[in-house]
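1. Have a look; sequence and predicted model below, questions after that.
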Amino acid sequence: MTVLVEGDKRLFNPYGIMLVSAAKHSQVKTAEGQKFVDWVTGSAG
């Protein structure tokens with residue numbers, strides 16, 4: 001495959017991630033959620 005377009009500001013696709021509060025939502029799996037956040041924000045993600 002060949003890159004056809006790169007660096008165009010219109011292609012910028014920002015995203016974010018945040019851990020849901022266990023204090024507000026008791027069913028949240030905090031440890032698993034934090035592992036996912038760490039993966040997404042780390043070098044592997």
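-> Okay, I see it. Numbers count the residues shown, from 1 in each chain.
2. for the chain, what spans make up the helices?
-> With helices called from DSSP state H, the chain shows them at 30-41.
3. Now do the closest residue to Thr41 other than its chain neighbours against Ala44, distance only.
-> Ranked by C-beta to C-beta, 6 or more residues apart in numbering and with sequence neighbours excluded, the top spatial neighbour of Thr41 is Ile17, at 7.0 Å. Every C-beta, even on glycine, is put in place using the N, C-alpha and C of the backbone. Going from Ile17 to Ala44 by C-beta to C-beta, to the nearest Å gives 14 Å.
4. okay, the two: which has more neighbours?
-> Each of Ile17 and Ala44 has its neighbours counted (other C-beta atoms under 10 Å); Ile17 has more, 11 against 7.
5. Just to check, that one is in contact with Val40?
-> Yes - in terms of C-beta atoms under 8 Å, Ile17 counts as a neighbour of Val40; the distance is 5.2 Å.
6. What count of nearby residues applies to Trp39?
-> 12.
7. now Phe36
-> Per other C-beta under 10 Å, the neighbour tally for Phe36 reads 13.
8. residue contacts, it?
-> Taking C-beta atoms under 8 Å, 6 or more residues apart in numbering, we find Phe36 in contact with Ile17.
9. residue ranges with poor pLDDT in the protein?
-> Counting by pLDDT under 70, the chain contains no low-confidence segment.
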